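# Please work out how this folds:
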Amino acid sequence: MRANDRAPALSMTTAANIEPHAQDAAQPGWPRRHDRAVACWLLLCCAMIFAMAVIGAITRLTESGLSIMEWAPVRGILPPLSEAEWARLFALYQQTPEYRELNADMTLSAFREIFWWEYVHRLWGRLIGIVFLLPLVWFALRRRLRPGLAPHLWAVFAIGALQGLMGWYMVASGFAARTDVSQYRLVAHLMIACIIYVYTLWLALGLLQRPSPTNPGRNAAALRFALAALAGLVLLTIASGGFVAGLNAGLIYNTFPLMDGALVADGYTTLQPWALNLFENHAAVQFNHRALAILTLTAAIAAWIWSRRFALPPRARTAMGLLAAMAAAQVGLGISALLLVVPVWLGALHQAGALALLTFAVWALHGLRQEPDRPPPKQEEATAP
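Take a look at the predicted model:
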């Protein structure tokens with residue numbers, strides 16, 4: 001008999017505490033084909049958000065984010081269609097501190113190259129909004145949405161609208177006194193994208209995968225809590241990477257594991273008050289990201305080893321293994337990007353790895369849901385003869 005089979009029983013957590021609409025997941029008579037159609041649409045949106053994050057990384061790495069100085073949600077869909085329009089947009093860019101201090105010798109041809117990445121980034125964001133909103137309206141009008149699901153989908157759309165505003169707010173921070181965007185706004189923009197991605201992915205998985213009736217044993221609740229904490233650690237590590245990107249901190253201390261010959265660079269605490277070092281000190285920001293990445297890898301491997309003690313559902317077991325493997329691959333990508341001084345292609349791949357790691361964490365956590373305990377059917381009282 002395997003150790004997993006000897007695990008004692010555990011009283012199961014109600015699905016309503018884990019997933020907002022999980023209580024509807026087994027509603028009798030509801031067509032499963034509706035759930036599959038909605039889930040496929042949501043997974044398409046997830047794929048587009050994933051691609052958006054990678055495009056955003058390329059936009060950042062190529063220093064293209066400040067090339068469009070206008071906020072035109074409708075008119076901005078069309079690219080420049082004449083030489084006069086190109087000249088007008090280039091003249092606007094020439095007013096930025098980035099141009100005056102860093103790119104004063106830039107030609108119109110070079111401007112076109114950075115313009116296209118920012119244009120594609122904005123156009124892809126608009127396309128995500130359309131791909132999300134139009135099917136949402138159609139599914140709602142055709143009554144294809146499971147009861148309790150619509151409020152969550154409208155919440156996703158509202159957060160997406162906020163993300164569009166946050167994107168412009170971020171870009172606007174580089175128009176006045178800075179040669180780049182605020183690292184604080186950059187991280188906020190990145191975190192909102194992660195929230196949208198996780199929320200959408202969780203809803204899609206809830207429609208495709210029912211809670212497992214398998215009882216993984218005594219400490220399953222602790223495992224779920226640990227995995228939720230690990231997912232939070234992944235998000236924190238991604239946020240720390242946003243500060244590295246926002247400060248271009250990956251372009252210094254390009255050695256590993258030491259930083260300028262020391263485990264912790266001498267300049268870690270140069271700013272006052274001390275807390276500013278966590279967000280504005282290049283050496284501190286890079287070291288924190290290194291430390292969090294190693295901590296994430298250690299936690300992912302430890303969680304995978306621990307999970308092998310339980311009789312997990314197959315999808316959860318697979319996700320745990322992929323989570324540990326992706327954590328190792330992601331650390332490898334990060335070290336490679338650092339040693340090679342962050343080439344664009346490798347920086348973009350590192351961003352994709354971060355989203356893949358987050359995906360596996362969410363998938364593993366979702367796979368550990370369980371069917372709620374159901375009370376036994378009521379028995380009619382016996383009548384005295």
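# and Trp124, how many neighbours does it have?
By other Cβ atoms under 10 Å, 16 other residues sit near Trp124. All C-beta atoms are positioned from the backbone trio N, CA, C, and that covers glycine.
# Then Arg100?
Per other Cβ under 10 Å, the neighbour tally for Arg100 reads 11.
# which secondary structure elements does the helix or strand hosting Gly347 contact?
Under DSSP states H and E, the secondary-structure element containing Gly347 is helix 344-367. The helices and strands touching helix 344-367, judged by 3 or more Cβ pairs under 8 Å, 6 or more residues apart in numbering; DSSP states H and E, are helix 32-61, helix 183-208, helix 220-246, helix 314-339.
# With mean pLDDT, mean neighbour count and distance to Gln163 as new columns, can the ones you listed be given to me in JSON lines?
JSON lines is the format used below for the helices and strands packed on helix 344-367 (pLDDT from 0 to 100; neighbours: other Cβ atoms under 10 Å; distance: least, Cβ to Cβ, whole Å):
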{"stretch": "helix 32-61", "mean pLDDT": "96", "mean neighbour count": "18", "distance to Gln163": "10"}
{"stretch": "helix 183-208", "mean pLDDT": "96", "mean neighbour count": "21", "distance to Gln163": "5"}
{"stretch": "helix 220-246", "mean pLDDT": "95", "mean neighbour count": "19", "distance to Gln163": "14"}
{"stretch": "helix 314-339", "mean pLDDT": "96", "mean neighbour count": "19", "distance to Gln163": "24"}
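# right, and those - which one's nearest Val156?
helix 183-208 (5.5 Å; Cβ to Cβ).
# ok now the closest one, how far from the chain's centre?
5 Å (Cα atoms, centre = their mean, to the nearest Å).
# same check, this time on stretch 228-248
Computed by Cα atoms, centre = their mean, the chain-centroid distance of stretch 228-248 equals 10 Å.
# And stretch 355-374, by the same measure?
Distance of stretch 355-374 from the chain centroid (Cα atoms, centre = their mean) equals 15 Å.
# Pull that stretch out as PDB, backbone CA atoms only.
Extracted in PDB, the C-alpha atoms of stretch 355-374 (Å, rounded to 0.1, in the frame of the first residue of the first chain):
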ATOM      1  CA  LEU A 355       3.800  34.500 -16.500                       C
ATOM      2  CA  ALA A 356       4.200  30.800 -17.200                       C
ATOM      3  CA  LEU A 357       5.300  30.300 -13.600                       C
ATOM      4  CA  LEU A 358       2.300  32.200 -12.300                       C
ATOM      5  CA  THR A 359       0.100  30.100 -14.600                       C
ATOM      6  CA  PHE A 360       1.300  26.800 -13.100                       C
ATOM      7  CA  ALA A 361       0.900  28.200  -9.600                       C
ATOM      8  CA  VAL A 362      -2.700  29.100 -10.300                       C
ATOM      9  CA  TRP A 363      -3.400  25.800 -12.000                       C
ATOM     10  CA  ALA A 364      -1.900  23.800  -9.100                       C
ATOM     11  CA  LEU A 365      -3.900  25.700  -6.500                       C
ATOM     12  CA  HIS A 366      -7.100  25.300  -8.500                       C
ATOM     13  CA  GLY A 367      -6.400  21.600  -8.900                       C
ATOM     14  CA  LEU A 368      -6.500  21.200  -5.100                       C
ATOM     15  CA  ARG A 369     -10.100  22.300  -4.800                       C
ATOM     16  CA  GLN A 370     -12.400  19.600  -3.400                       C
ATOM     17  CA  GLU A 371     -16.000  18.800  -3.500                       C
ATOM     18  CA  PRO A 372     -17.800  20.200  -0.500                       C
ATOM     19  CA  ASP A 373     -19.200  17.800   2.100                       C
ATOM     20  CA  ARG A 374     -22.800  17.100   1.400                       C
END
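# Can you mark which positions in it are buried?
Going by neighbour count (16 or more other Cβ atoms under 10 Å), the buried part of stretch 355-374 is 355-372.
# Tell me where the model's unsure across the chain.
Within the chain, the ranges that satisfy pLDDT under 70 run 1-29, 211-219, 370-385.
# go again using 50 as the cut-off
1-26, 372-377, 379-385 (pLDDT under 50).
# what angle sits between the helix holding Gly347 and helix 220-246?
The directions of helix 344-367 and helix 220-246 differ by 160 degrees, with axes from the mean of the first three to the mean of the last three Cα atoms, to 10 degrees as the criterion.
# and Asn254, how many neighbours does it have?
14.
# Now do the contacts for it.
338-341 (Cβ atoms under 8 Å, 6 or more residues apart in numbering).
# give me that answer again for 6 Å
Taking Cβ atoms under 6 Å, 6 or more residues apart in numbering as the contact definition, Asn254 lies against 338, 341.
# What strand or helix carries it?
With DSSP H and E as criterion, Asn254 is part of no helix or strand.
# Near Trp345, how many residues? Count them for me, please.
Other residues near Trp345 come to 12 when the count uses other Cβ under 10 Å.
# again with Gln272
When counting by other Cβ under 10 Å, one arrives at 8 neighbours for Gln272.
# got the angle for the helix holding Gly347 vs helix 32-61?
Using the same axes, to 10 degrees: helix 344-367 against helix 32-61 is 150 degrees.
# which residues are contacting helix 344-367?
50, 53-54, 57-58, 61, 198, 201, 205, 227-228, 231, 234, 238, 313, 315-316, 319-320, 322-323, 326-327, 330, 333-334, 337.
# Hey, what's the angle from it to helix 183-208? Just curious.
Here the directions of helix 344-367 and helix 183-208 differ by 40 degrees (the same axes, to 10 degrees).
# Quick one: distance of helix 344-367 to the chain centre.
That offset, for helix 344-367, works out to 7 Å (Cα atoms, centre = their mean).
# how far off helix 314-339 does that helix point, in degrees?
Going by the same axes, to 10 degrees, helix 344-367 makes 160 degrees with helix 314-339.
# what's near enough to touch Gln163?
Ile192.
# Return the alpha-carbon coordinates of the helix or strand containing it using CSV.
Using DSSP H and E, Gln163 sits within helix 150-172. Output of helix 150-172 as CSV, limited to C-alpha atoms (Å, rounded to 0.1, in the frame of the first residue of the first chain):
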residue,chain,number,x,y,z
ALA,A,150,-21.6,37.4,-15.0
PRO,A,151,-20.7,39.7,-12.1
HIS,A,152,-17.1,38.2,-12.2
LEU,A,153,-16.8,38.7,-15.9
TRP,A,154,-18.0,42.4,-15.7
ALA,A,155,-15.5,42.9,-12.8
VAL,A,156,-12.7,41.6,-15.1
PHE,A,157,-13.8,44.1,-17.8
ALA,A,158,-13.8,46.9,-15.3
ILE,A,159,-10.3,46.1,-14.1
GLY,A,160,-9.3,46.0,-17.8
ALA,A,161,-10.6,49.5,-18.3
LEU,A,162,-8.7,50.6,-15.2
GLN,A,163,-5.6,49.0,-16.7
GLY,A,164,-6.0,51.1,-19.9
LEU,A,165,-6.1,54.3,-17.8
MET,A,166,-3.1,53.1,-15.7
GLY,A,167,-1.1,52.5,-18.9
TRP,A,168,-1.6,56.1,-19.9
TYR,A,169,-0.9,57.4,-16.4
MET,A,170,2.3,55.4,-16.5
VAL,A,171,3.4,56.8,-19.9
ALA,A,172,2.5,60.4,-18.9
